Structures are given as structure tokens and as C-alpha cells.
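K.L.:
Build me a model from this:
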Amino acid sequence: MTVSSNELLQMAMDAADDKKAMNIVALDLRGISLVADYFVICHGNSDTQVQAIATEVRKRAQEKNVKINGIEGMNSARWVLMDLGDVVVHVFHRDEREYYNIERLWSDAKVVNTV
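P.N.:
Got it, this is the predicted structure:
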């Protein structure tokens, strides 16, 4: 069974929300970039929360047999990048999210959903 990009998007957002991620935003990159269909962007207020959010996303992806192409930044927990194929999840520490402001970098993308 394959998981659609929309189902994967919802799964990642629900997992982040369950771990109390802040300001969860999904950007629709279809037609803008070949990198992924969607970016999920959120942040935690501590290193521990950032790791918990990323761990929950990974756990839910594994439960659905979604291939995780890569996870970067878990040890430092300042910006965890998770490549789930059609969906790329960015879990920031609050300070790094403000600094990098990737929503601005991808301002051409439509915001499709917020939790």
C-alpha cells in the first residue's frame, strides 16, 4: 500500500500537533519545485521538544511503511530535516525558525493547511 502525498502531509502534521509543535504550516510546492510536493514547517521551544516532534513523525511514517530518505539534525535538535519523499518536514528550535525564516524563502508556495 502506498501513501499519497496528501495522506503523508496530514500524518506529519498530526504527529507534530500531538507533540505540541508550534505554528505548524504546510506549503504546497507543486509546480514550484521538484524537491517535494509539500513542506511541513513547525518549531518546538526546547531541544527536547524538537526531538520529540521529529521522533513522532518518524514513528508514524514507519507505522505506515513510508520510506524515510533521510533525517538530519537530530543530535543538535536545532533544525531537524526529515525527507519523507513527497513531504519534507522541517522541525526547528524556535530561535532557528525565526533566523532562517524559510516560509519567506518559499513565499511563492501556497499555504495549504495550518493546525
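K.L.:
Quickly note the distance from the closest residue to residue 86 other than its chain neighbours to residue 100.
P.N.:
For residue 86, the nearest residue in space outside its immediate sequence neighbours is residue 5; the separation is 3.7 Å by C-beta to C-beta, 6 or more residues apart in numbering. Glycine gets a C-beta too; all of them are placed from N, C-alpha and C. From residue 5 over to residue 100 the distance is 24 Å, taken as C-beta to C-beta, to the nearest Å.
K.L.:
does the residue nearest to residue 86 really touch residue 87, like I thought?
P.N.:
Yes: counting by C-beta atoms under 8 Å, residue 5 does reach residue 87; the two are 6.3 Å apart.
K.L.:
between the two, who's got more neighbours?
P.N.:
residue 87 (27 against 16; other C-beta atoms under 10 Å).
K.L.:
The more buried one pairs with what?
P.N.:
residue 38 (DSSP bridges).
K.L.:
In terms of pLDDT, where does it sit?
P.N.:
Listed pLDDT for residue 87 reads 96.
K.L.:
residues contacting it?
P.N.:
Residue 87 sits next to 5, 8-9, 12, 36-40 when contact means C-beta atoms under 8 Å, 6 or more residues apart in numbering.
K.L.:
same check, this time on residue 84
P.N.:
8, 12, 57, 61, 66-69.
K.L.:
which residues touch stretch 29-36?
P.N.:
Here stretch 29-36 has contacts from 37-39, 83, 85-88, 106, 108-109, using C-beta under 8 Å, 6+ apart.
K.L.:
Now do the residue nearest the centre of the chain against residue 105, distance only.
P.N.:
By C-alpha atoms, centre = their mean, the mean C-alpha position of the chain lies nearest to residue 89, the distance being 2.0 Å. Distance, residue 89 to residue 105, by C-beta to C-beta: 16 Å.
K.L.:
just the buried members of the contacts of stretch 29-36?
P.N.:
Neighbour counting by 16 or more other C-beta atoms under 10 Å classes 37-39, 83, 86-88, 106, 109 among the contacts of stretch 29-36 as buried.
K.L.:
Using CSV, lay out the residues you listed together with distance to residue 24.
P.N.:
CSV is the format used below for the buried ones among the contacts of stretch 29-36 (distance: C-beta to C-beta, whole Å):
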residue, distance to residue 24
37, 17
38, 12
39, 11
83, 18
86, 18
87, 13
88, 14
106, 15
109, 15
